[in-house]
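Chemist: sequence below, structure please.
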Amino acid sequence: MKQLLVAVLACGLIWSQTPAKKAPARKHTASTAQAAQNGQRWPLKEIRVQGMKLVTPQQVIEMSGLKTGVLAGQVEFDAAREHIYQSGCFDLVSYAYEPAPGGGIVVTFEIRDVEQRGAWRLERLPLDPKAYAARAAKTLQCFGDEIPITEIYTRRMSDLAAAMLKEKGVTEPVVAKFEAGLKEGVVAVIQPKTPPPNIAQVNFTGAHVIPPQELQRAISEVAVGTPWSEALFRVFLENAIRAMYDSVGRLRAKFPTVTTEPSKTNSGVVVNVTVDEGPVYKLRKLTIEGAPLPDEEVNQLGGDAFKNDVPVNLSVMGVAMNKILARLSEVGYLKASYHALKKIYDADKTADIAVTVEPGPQYKMAKLDIDGLDIESEPEIRKMWAVKTGDPYRQGYAEHFLSQIRERRVLDFLGETRADVKLDDTNALVNVKLTFKGGPQKLDNRPRDKHGDLKEEKPMD
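Modeler: Below you'll find the predicted structure:
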């Protein structure tokens, strides 16, 4: 028996694999293919597993269904490989087998974990998430707070949910869908196959500082009429409602419970939100760094929004920061932005706000082209253009310039005008092209003095 085994395996290790996308196993040499056709099997002396990080070798062996001491060959190893792959925990499973010292055979499985992992949640299913997680931990390999994000694995989770529903007498088809989480990455959502109902109404309880009616108006504009999804609805809460509490210093406002019930007036659902408004936090310290402006000017633009020892109002601060960005755009910083971090001190109910301005490059005026004017008018228009080559370009200046040309009636019979502003991001330069077209022939109604001469126009800033 030993001599026959060595002869069959004389060409070396025999490999076979199942990649993430199903593909035929690797072809073998003539001798190994003949051995497979003959169904040759040998005593399985040892099972080795390598490559995985998230499960133990013993867990993989249990997935394979193989046991030492039995007769095994390529047919059994192919089946074991498929069992491991169908767990959904791995995106590559391959194996090799070779003679064992003293007779028999050794098989080695090479495993590669699924790289993308994410959270999971149940949605619109009458199942207790804790009970579901406890069952899944016993029946699904590599289950935890994060799971492999694969169709195979989430199908197994859906099947488990359907089985638990059936035990309750509910025959609800269950599917898994992937979506982006609010704070985490991809989330596997286990939910009914039937489409979700639309949100018909939103109610708030626990709101006092901000009347519930105001909260309802704000959330209704974005949420009512959209398909129900708790994750998406919480995004609405963060964007529409939290900003309202941040504007009155309630930096720890929470929405601990969100429940739904069928609407009594239509086919949608009513969403009930519990609000924990939390205490008022005062501004202890505000720092603004990175703005290429004098501190006095920054503070002047901020005004009362930057005062300390008053309730934090992030909304007003945001308005003030937009004024600072607008000022920066007037001196060439056309792509300025900022980000803010808050540090909350619960002991004395205060907060520090640290704002970092990212001004970006300062764009300079490069070339001015003028199209549509005659040789007499063009030089005059160029003289009026106040931003010279090399000067910081002012956001919106070209459009303002054309509006002034029209309002002051600098040109007779002026029709359409257009400003094309192109940014050279590589060199932080601005190229402007002004286009003028004639309009209907009308009487010259430009302002004149008592002698009939055109009045001198003030230069445009």
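Chemist: got the contact list for the residue nearest the centre of the chain?
Modeler: By Cα atoms, centre = their mean, the chain has its centre lying nearest to Ala180, at 6.5 Å. Residues in contact with Ala180 (Cβ atoms under 8 Å, 6 or more residues apart in numbering) are 186-187. Just so you know, the C-beta spots here come from the backbone N, C-alpha and C atoms, and that holds for glycine as well.
Chemist: how close does it get to Ser229?
Modeler: 11 Å (Cβ to Cβ, to the nearest Å).
Chemist: Ile344 too?
Modeler: From Ile344 over to Ser229 (counting by Cβ to Cβ), the distance is 29 Å.
Chemist: neighbour count: those two, which is higher?
Modeler: Using other Cβ atoms under 10 Å as the criterion, Ile344 and Ser229 rank with Ser229 on top: 18 against 13.
Chemist: in this structure the more buried one contacts Val187, no?
Modeler: No: Ser229 lies out of contact with Val187 (Cβ atoms under 8 Å); the separation is 10.7 Å.
Chemist: which residues do these two both contact?
Modeler: Common contact partners of Ser229 and Val187 (Cβ under 8 Å, 6+ apart): Glu179.
Chemist: where does pLDDT dip in the stretch 51-200 of the chain?
Modeler: Applying pLDDT under 70 to the stretch 51-200 of the chain flags residues 181-184.
Chemist: how about the helices in it?
Modeler: Secondary structure of the stretch 51-200 of the chain (DSSP state H, counting those that start in this stretch): helices at 57-64, 74-85, 129-139, 151-167.
Chemist: repeat that for the stretch 201-350 of the chain.
Modeler: Going by DSSP H, counting those that start in this stretch, the stretch 201-350 of the chain shows helices at 212-223, 230-236, 242-246, 295-302, 314-330.
Chemist: before we move on, back to that, just so I know, which of the helices of the stretch 51-200 of the chain lies nearest Gln201?
Modeler: For the helices of the stretch 51-200 of the chain, proximity to Gln201 was assessed by Cβ to Cβ; helix 129-139 is nearest, at 25.5 Å.
Chemist: what sits closest to Phe236 if chain neighbours are left out?
Modeler: Closest residue to Phe236 apart from its sequence neighbours, by Cβ to Cβ, 6 or more residues apart in numbering: Ala223 at 4.7 Å.
Chemist: hmm, Asn239 and the one you found touching each other?
Modeler: No: Ala223 lies out of contact with Asn239 (Cβ under 8 Å); the separation is 10.3 Å.
Chemist: which one of these two is surrounded by more residues?
Modeler: A direct count of neighbours by other Cβ under 10 Å for Ala223 and Asn239 places Ala223 higher, at 21 against 12.
Chemist: now do the contacts for that one.
Modeler: Ala223 neighbours (Cβ under 8 Å, 6+ apart): 199, 202, 233, 236, 240, 271.
Chemist: distance to Asp309 and neighbour count added to those residues, as a markdown table?
Modeler: Output for the contacts of Ala223, formatted as a markdown table (distance: Cβ to Cβ, whole Å; neighbours: other Cβ atoms under 10 Å):
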| residue | distance to Asp309 | neighbour count |
| --- | --- | --- |
| Ile199 | 41 | 25 |
| Val202 | 36 | 24 |
| Phe233 | 36 | 22 |
| Phe236 | 33 | 21 |
| Ala240 | 29 | 17 |
| Val271 | 38 | 24 |
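Chemist: Leu54: which of these is nearest?
Modeler: For the contacts of Ala223, with Leu54 as the reference and Cβ to Cβ as the criterion, the closest is Phe233, at 32.3 Å.
Chemist: enumerate every residue touching the nearest residue to Leu232 once chain neighbours are set aside.
Modeler: In this structure, Leu232 finds its nearest non-sequential neighbour in Thr226, 7.1 Å apart by Cβ to Cβ, 6+ apart. Going by Cβ under 8 Å, 6+ apart, Thr226 touches 198-199, 232.
Chemist: Phe255 too?
Modeler: 234, 237, 241, 273-276.
Chemist: buried among those residues? Make that a ChimeraX selection.
Modeler: This is how ChimeraX selects the buried members of the contacts of Phe255, with burial counted by 16 or more other Cβ atoms under 10 Å:
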select :234,237,241,273,275
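Chemist: taking the contacts of Phe255, tell me the two that lie furthest apart.
Modeler: Longest span within the contacts of Phe255, Cβ to Cβ: Arg234 and Asp276, 14.5 Å.
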